[in-house]
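*Asks:* below: sequence and its predicted model.
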Amino acid sequence: MPANLLIVESPSKAKTLLKYLGKDFQILASYGHVRGLVRKDGSVDTENDFKMKYQVIERNKKHVDALVAAVKESTNIFLATDPDREGEAISWHIMEILRAKKLLTASRTFKRVVFHEITETAVLNAVANPRDIDNDLVNAQQARSALDYLVGFNLSPLLWRKVRSGLSAGRVQSPALRLICEREIEIRAFTSQEYWSVHLDTHQGRSKFGAKLTQWQGKKLEQFDIPDTGTQENILKALSGQTAEIKAVEKKKKSRSAAAPFTTSTLQQEAVRKLGMTTDRAMRTAQQLYEGMSIGGETVGLITYMRTDSVALANDALDEIRAYIGEKFEKEYLPNSPVVFKNKAKNAQEAHEAIRPTSIYRSPDEVKAYLTADQFKLYQMIWKRTLASQIAAAKFDTVAVDIAVGADAIFRATGQTLVFPGFIAVYQEDTDEEDSEDDEARLPVLNVGDALPVDKLSGEQHFTQPPPRFTEASLVKSLEEFGIGRPSTYASTIKTLKDREYVILDKKRFTPTDTGEVVNKFLTEHFTQYVDYNFTAKLEDKLDEISTGKRDWIPVLADFWKGFHKQCEEKAGLSRKEVTQEEMDEDCPKCGVAKLAIRLGKRGRFIGCTTYPECDYTRNLGDDADTAPTEPEVVPDRTCPKCESALHIKVGRYGKFIGCSAYPKCKHIEPLEKPRDTGVECPECKKGSLIERKSRYGKLFYSCNTYPDCKYATWNPPIAEACPQCKWPVMTIKITKRRGTEKVCPQKECGYVEVIEGPAPKAEKAEAE
C-alpha cells in the first residue's frame, strides 16, 4: 500500500491523476459531497451560534468507508478536491469525519492541494506546494449552506400549507422566478403602438441600396413622428416627382475587440445560444472535459476548471497562445502585447483563471476522434474563444450618406465594410438580439453633389414589440448582472424551476406556470425583502467578505435570521384562500349571492364561486361570463362507474375530460376520447394492454391500461416482438433524424438496437423541405 494518499472528488479524475503521480500514490474519490445537513428541522441550531448537525450522505457511505480505510494505511494525505469554496468545504468535511474516528494523529500529515487544470505540470506543482485548509472559504460555504437551509426549511412548509404540497422556495431560486414572472407581467401589460418609416430605393451604377427618412421639414424624426398610414401617405405624396442629391458623406474607421475568455456564466450563455444546450448539459460536458480523458494514449484534462468568475489568463498560457498565433497567422493578427480583460461581473470571486484549453496546440480537429459530439462542440467553442481573445481587433470602414429629396426630406444610408477580420476569422460572440451591426449593406463610392435616381419611395408599417421572454442564456445574464447567486449554481437553479413546474420552456423561452405565478405573488407580497434583487446581491457580498476573512460568518447568519424568522411567524396565520384566491368584482351567475374569485386548482387557475362547495360554478380564466355555460354538459346514457352519479364534460388545464358530477365526493375522471389501444400486451403485468396517451406537455407515450395498478410506460411505440438479446417480450420503434428508424429494446440495461431504415440522405432532406 503506497504511503501517499490523494483524495479527489471524481473517480474519472482519479484515473487521469494516477498516470501523473505514479506508483507512490494511491488515488481515491469522495464521489462529491461526503456530509450534508441532517434533512430535518433543527439541523441549524439558531439558538446556539448556528451550530450545524451533519451526517454522512447515505449514497456515499461506502466511498467514505473506503477513504477511512485508506487513511489508516497512509502517512501523507493530500486533499485535492475542487479549487473553490465547495471543494474546500468537502476537504474540511473529510477531515471532520477522520477527526471523529481519531485518525488525525501525529504520525500522519494532512495537506490541501489545489490545481486548476489537470496536466502533469500543474498536478506535480500542486503536490509539491501543499497548504492547509482555508477556514475562511469553509466558513463562507457553511454560511451559504445554513442560509439555504433556513430559507428552504421555513418557506417551503409555508408553501405546502398555503398553496400545495411538493413546492419549494430558495434564496436564489425565488428571485430567479420573480424575474421570469415580472417579465410576463410586463408582456401582458404591454400595449403595442403603431409607427411608420419612409424609405428610398436608389442605385449608383449597378449597385442598388436603400436609405431611411431621418429628417422631415427641418426636424429630426423620432420613432413615433410618423404615427399612422395617413401621415406617411402625405409625406410620400409631397415627395412624389422630387429629385435626389447627395448632401453629405461621412466616413469613419471602426474597430471591435474580441470578447474575453469564458467565465462560468458566459460559457453557459454561449452554449445555449450557439450549441442549443441547456445550462445543465453544458456544465456536465465541461466537467468531463476538465476531468480528463485518453487522447492518443495520453490521459489529460482538456480545459481548466470550469467554475470561475475570472477573465484572466495565466502568463504561461498567454505566451503559448501568442506563439501559436505567430506560427499560424500573418503578423498583423498578433497584437504588440497580450490583451488584458477586466471583470465586469458583480461579486466576481475565486479569480484563478478563465476557462481555457490546457494547451492551445491541442486543436479541436486533433482531439475530435476521442470526444463525444457534445464534448467536441463545447471544446471547439472554448478553444476558439480563447484563441480569438488574443488576436488583434477587427477593423471596419463605415460610411453614412445623407441624401436630400426635394427641399424637405433628408434620407440616410449607412454601410460598413470589413477591411481586416482580426479575431472574427476565428470566433464571434452571439447575442440574444436578432439584428447584428455587421449586417449593414456595402455602399458604392458616393460623393457630395452626386444626383441619384429615385427608384422607389415607400412606407413601412411597424408595431412596438413587448420585451422578450427570458431564454436560459438571457436569464443567466440577468442573474449575474443583478449579482444573484453564483454562476456555478445557475444550472441547478434553472433545473429546479423546471422540475417544480414553476416555469415551462416554450420555443426555448421561459413562461411561468399558474403555480409559479401564485408562488411568486405569495413571496413578493409577504416576503418582499427576501426576494429583492439588491438584498440577495448584498448577501452574496457578505459571503464573499467571509471567504476573504473580512467578516465573521455567525453575525451574518444572526442578522439574517432575526428578521426572517419574525416574518415567517407573522405569515403563518395566513389562510390558503388569502394566498391562492383573488376576489373579482363580479357576482356568481349561478347562485347570485356570492362573488367570483380567480382560484388555483390542480390544473392551474380558473374562475369559481367563493362559496364552493355550496355553489360549484366554474369557468375558464379566459372565458367571458356571457359565453361560459352556467350548467355543465351531461354525458348522455351513462353514469359514474364508481357512484352512479351523472357524468359531466369538464374543462381542465389540458383540455376537456369526463368527470363525476359528485366531485369532490367522487373523483372519478376519464378522457373524453378513448386512447388508442396498440394491442400489445403489457410486458410487466401481462394483464392489460399498452395504450397511447398524452403527457401533460402533449407528448405521446404508451402505458398499461390497468394504471394505476400497473405503472409500466414507454415513450416509443411498442410492437409485440421479443428482444433477441434480453428476451424482453416487447420492442419499440424509435425514429430520429440522425439515425433513421430503429427497433430498440425498452430495457435500458440491455441496449439492443436494430436499424430498420437509415437516415435520409441530405439531398433528399433538402428536396423534402
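*Replies:* Right, received. Where do you want to start? Numbers count the residues shown, from 1 in each chain.
*Asks:* every contact and neighbour count from this point should use C-alpha atoms.
*Replies:* OK.
*Asks:* where does pLDDT dip in the protein?
*Replies:* Along the chain, the parts satisfying pLDDT under 70 run over 1, 344-351, 431-440, 603, 624-631, 652-654, 696-698, 760-769.
*Asks:* report the central residue of it.
*Replies:* Nearest to the geometric centre of the chain sits Glu472, at 3.6 Å (CA atoms, centre = their mean).
*Asks:* my read: it touches Thr278, true?
*Replies:* Yes: counting by CA atoms under 8 Å, Thr278 is a contact partner of Glu472 at 7.2 Å.
*Asks:* what is in contact with these two at once?
*Replies:* Common neighbours of Glu472 and Thr278 (criterion: CA atoms under 8 Å, 6 or more residues apart in numbering): Val272.
*Asks:* please identify the buried residues of stretch 70-81?
*Replies:* Across stretch 70-81, burial judged by 16 or more other CA atoms under 10 Å covers Ala70, Val71, Ser74, Thr75, Asn76, Ile77, Phe78, Leu79, Ala80, Thr81.
*Asks:* ok, stretch 290-304 next?
*Replies:* Result for stretch 290-304 [16+ other CA under 10 Å]: buried residues Tyr290, Glu291, Gly292, Met293, Ile295, Thr299, Val300, Gly301, Leu302, Ile303, Thr304.
*Asks:* which residues does the fourth one form beta bridges with?
*Replies:* Legend: beta-bridge partners of Met293 under DSSP bridges are Val300.
*Asks:* wait, it sits on Ile303?
*Replies:* No: counting by CA under 8 Å, Met293 sits too far from Ile303 to count as a contact (11.0 Å).
*Asks:* list residues touching both of the two?
*Replies:* Contacts common to Met293 and Ile303, judged by CA under 8 Å, 6+ apart, are absent.
*Asks:* grab the longest helix from this structure for me.
*Replies:* Longest helix in the chain, counting residues (DSSP state H): helix 135-162.
*Asks:* tell me what that one is packed against?
*Replies:* Judged by 3 or more CA pairs under 8 Å, 6 or more residues apart in numbering; DSSP states H and E, helix 135-162 is in contact with strand 44-45, helix 85-100, helix 533-547, helix 553-571, helix 576-580.
*Asks:* to Cys750, which of those lies closest?
*Replies:* helix 85-100 (36.0 Å; CA to CA).
*Asks:* CA atoms only for that closest one, dumped as CSV, please.
*Replies:* This file holds the C-alpha atoms of helix 85-100, laid out as CSV (Å, rounded to 0.1, in the frame of the first residue of the first chain):
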residue,chain,number,x,y,z
ARG,A,85,-15.4,27.1,-1.8
GLU,A,86,-17.4,23.9,-2.2
GLY,A,87,-14.3,21.9,-2.8
GLU,A,88,-12.6,23.5,0.3
ALA,A,89,-15.7,22.5,2.4
ILE,A,90,-15.6,18.9,1.1
SER,A,91,-12.0,18.6,2.2
TRP,A,92,-12.9,20.1,5.6
HIS,A,93,-15.8,17.6,6.0
ILE,A,94,-13.4,14.7,5.2
MET,A,95,-11.1,16.0,7.9
GLU,A,96,-14.0,16.2,10.4
ILE,A,97,-15.0,12.6,9.6
LEU,A,98,-11.4,11.5,10.2
ARG,A,99,-11.2,13.5,13.4
ALA,A,100,-14.3,11.7,14.7
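*Asks:* ok, and what's touching that helix?
*Replies:* The contact list for helix 85-100, computed with CA under 8 Å, 6+ apart, reads 32-35, 68, 79-82, 104, 112, 133-134, 137-138, 140-142, 547.
*Asks:* hmm, try it at 6 Å
*Replies:* Outside of helix 85-100, the residues within contact range by CA atoms under 6 Å, 6 or more residues apart in numbering are His33, Leu79, Thr81, Leu137, Val138, Gln141.
*Asks:* not counting the next helix or strand after that helix itself, show me its contacts.
*Replies:* Using DSSP states H and E, the next helix or strand after helix 85-100 towards the C-terminus is strand 109-112. By CA under 6 Å, 6+ apart, the residues outside strand 109-112 that reach it are Asn76, Ile77, Phe78, Leu79, Pro130, Arg131, Asp132, Ile133.
*Asks:* which residues in the stretch 401-550 of the chain form helices?
*Replies:* 472-482, 487-499, 514-526, 533-547 (DSSP state H, counting those that start in this stretch).
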